[in-house]
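[1] quick one: sequence and predicted model below, then my questions.
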Amino acid sequence: MSAAGPAPRSRGRRRNVAATGTRTRVRSHALLPDAATWTDLGFALALSTVALTAFGSSFTGSAYLVVGVLGTVVAVLVTHLTRAAGWPFVSAVVISLVLFLLLGGPLCLRSLGDTSLLPGPSTLAEVVDQAVFGWKDLLTTLPPVDGDGPLLVLPWLAGMLAGLVGTGLANVRVRRPWLSALLPVLGMTLVLSGAILLGVRHPQSLLLQGTLFAGLALSWLAVRARRASAAVQGGSRSWVRGAGAVAMLALAAGLAVPASAWLTEDRDRAVARDWVEPPFDIGRYPSPLAGFRKYIDLRGRTNNSNVYDKALFDVDGVAPGTRVRIATMDRYDGMVWGPPTTRSPVRATTPSSGSPRPSTTRSTAGRSR
């Protein structure tokens, strides 16, 4: 009787499979992704790679793309493993932040020396500084910038954000099936928009950032939408629906490039460089000391540009013979003299005391020498 016991249960399972027409596949390990998760991870990685190519016109070489893709892979793996372990999404963000700081030096700061490869205080401070203020340096520097410099922190950060956004939103469950399918695609589109915004006016490749990205995004949207509405069965065969989807994607991708070229022009492309002005750099201007000969006594020689005997300005409020210090150039960089790095107040110095004392003066056009 013990040998005949399991047979009815086996026949019951076969009848249940035959009645429902579905088969349940059990994963060998909880940390291994299933087919749906593999699909989401693959699309997130592919869309992130295409989005990161928008930095190609801002950096030299391809190191920016390698670093950015590594950031996406790290973020995707961390997000999947924390979700498989049952941890909240905030744990994936915290772990990714720690890895961003620890790996930022070896991956992005190699040009600063061997000491930057170790996660010391100076290295961590440099990674944070480039992550917070590096975008301003990128926008105010003539492109392309050094592809091996510290600004590689920006693609490293962008890749991690893309991985977190893509896989994080893919696991969000909402009541609306269409919204659940749209969220990760919309998030990756925002990542591409941010990379384009930090780029230059002329795109790196319309084929990659336009046609290929649109085809991948629409494909992922179609797969997720079909998965979300799996209970609804259509009247046509699956291969018919698949062929129709492929035809629609091919048509949309084929019309995307010529339509964009016809509807828009290069001047319509908005980038952040149009709105960010470079900071004032006094080193770009010649030193005033280069024209000091205009102010010396020529001793009988003639020079129309000389102003030794001409009135420049009048100063009121000080005693006659008082020396007025207007500016001080006490910094020498090996080539030219320049002003100090910190501002100093205007002071008046008397010949008798030899020590400066603050005073309030008023200057107008007049004669002084």
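    Happy to help now that I have it.
[2] what about the protein, any weak spots by pLDDT?
    For the chain, the stretches with pLDDT under 70 are 1-30, 114-116, 204, 230-269, 278-290, 335-336, 338, 340-369.
[3] quick one, helices of it?
    Remark: helices assigned in the chain by DSSP state H are 6-20, 35-52, 63-84, 89-108, 121-139, 153-170, 177-197, 206, 213-228, 238-263.
[4] save those helices as JSON lines, and put in mean neighbour count and distance to Gly291 too.
    Backbone N, C-alpha and C define where each C-beta goes, glycine included. Below are those laid out as JSON lines (neighbours: other CB atoms under 10 Å; distance: least, CB to CB, whole Å):
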{"stretch": "helix 6-20", "mean neighbour count": "9", "distance to Gly291": "92"}
{"stretch": "helix 35-52", "mean neighbour count": "20", "distance to Gly291": "49"}
{"stretch": "helix 63-84", "mean neighbour count": "22", "distance to Gly291": "44"}
{"stretch": "helix 89-108", "mean neighbour count": "18", "distance to Gly291": "44"}
{"stretch": "helix 121-139", "mean neighbour count": "17", "distance to Gly291": "33"}
{"stretch": "helix 153-170", "mean neighbour count": "25", "distance to Gly291": "41"}
{"stretch": "helix 177-197", "mean neighbour count": "19", "distance to Gly291": "43"}
{"stretch": "helix 206", "mean neighbour count": "14", "distance to Gly291": "51"}
{"stretch": "helix 213-228", "mean neighbour count": "18", "distance to Gly291": "55"}
{"stretch": "helix 238-263", "mean neighbour count": "12", "distance to Gly291": "52"}
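[5] select, out of those, the one closest to Glu277.
    Smallest distance to Glu277 across the helices of the chain (CB to CB): 9.4 Å, for helix 121-139.
[6] can you tell me how far the residue nearest to Leu138 when sequence neighbours are not counted is from Ala131?
    Leaving aside its chain neighbours, Leu138 sits nearest to Leu151 (5.7 Å; criterion: CB to CB, 6 or more residues apart in numbering). According to CB to CB, to the nearest Å, Leu151 stands 10 Å off from Ala131.
[7] just give the closest residue to Asn171, not the sequence neighbours.
    Arg83 (5.8 Å).
[8] quick one: closest of the helices of the chain to Val145.
    Taking CB to CB, helix 121-139 is the member of the helices of the chain nearest to Val145, at 6.4 Å.
[9] other SSEs contacting the closest one?
    helix 89-108, helix 153-170 (3 or more CB pairs under 8 Å, 6 or more residues apart in numbering; DSSP states H and E).
[10] and those: which comes nearest Ala54?
    Taking the helices and strands packed on helix 121-139 one by one with CB to CB, helix 153-170 is closest: 9.2 Å.
[11] tilt between the closest one and helix 213-228?
    30 degrees (axes from the mean of the first three to the mean of the last three CA atoms, to 10 degrees).
[12] list the contacts of the nearest residue to Arg293 once chain neighbours are set aside.
    Excluding the flanking residues, the one nearest Arg293 by CB to CB, 6+ apart is Asn306, at 7.7 Å. Residues in contact with Asn306, defined by CB atoms under 8 Å, 6 or more residues apart in numbering, are Arg293, Lys294, Tyr295, Ile296, Leu298.
[13] so who does the third one touch?
    Put plainly, it is Tyr295. Asn306, Val307, Tyr308.
[14] okay, it and Leu169: tell me how far apart.
    Counting by CB to CB, the separation of Tyr295 from Leu169 is 67 Å.
[15] same deal with Phe213?
    Per CB to CB, Phe213 is found 17 Å from Leu169.
[16] quick revisit: quick one: closest of the helices and strands packed on helix 121-139 to Gly68.
    Per CB to CB, nearest to Gly68 of these: helix 153-170, 3.7 Å.
[17] relative to helix 35-52, how tilted is the closest one?
    150 degrees.
[18] grab the CA positions of helix 153-170 and hand them over as CSV.
    Presented in CSV, the C-alpha positions along helix 153-170 are these (Å, rounded to 0.1, in the frame of the first residue of the first chain):
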residue,chain,number,x,y,z
VAL,A,153,33.6,60.4,-11.5
LEU,A,154,30.7,61.9,-13.4
PRO,A,155,30.1,58.8,-15.8
TRP,A,156,30.8,56.6,-12.8
LEU,A,157,28.0,58.3,-10.9
ALA,A,158,25.7,58.4,-13.9
GLY,A,159,26.1,54.7,-14.5
MET,A,160,25.3,53.9,-10.9
LEU,A,161,22.2,56.1,-11.0
ALA,A,162,21.1,54.5,-14.2
GLY,A,163,21.4,51.0,-12.7
LEU,A,164,19.5,52.0,-9.5
VAL,A,165,16.8,53.8,-11.4
GLY,A,166,16.3,51.1,-14.0
THR,A,167,16.2,48.0,-11.7
GLY,A,168,14.6,49.9,-8.8
LEU,A,169,11.6,51.1,-10.8
ALA,A,170,11.3,47.7,-12.6
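[19] now for that helix, which elements pack on it?
    helix 35-52, helix 63-84, helix 89-108, helix 121-139, helix 177-197.
[20] now these as JSON lines including distance to Ile326?
    Shown next, in JSON lines, are those (distance: least, CB to CB, whole Å):
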{"stretch": "helix 35-52", "distance to Ile326": "52"}
{"stretch": "helix 63-84", "distance to Ile326": "47"}
{"stretch": "helix 89-108", "distance to Ile326": "45"}
{"stretch": "helix 121-139", "distance to Ile326": "32"}
{"stretch": "helix 177-197", "distance to Ile326": "44"}
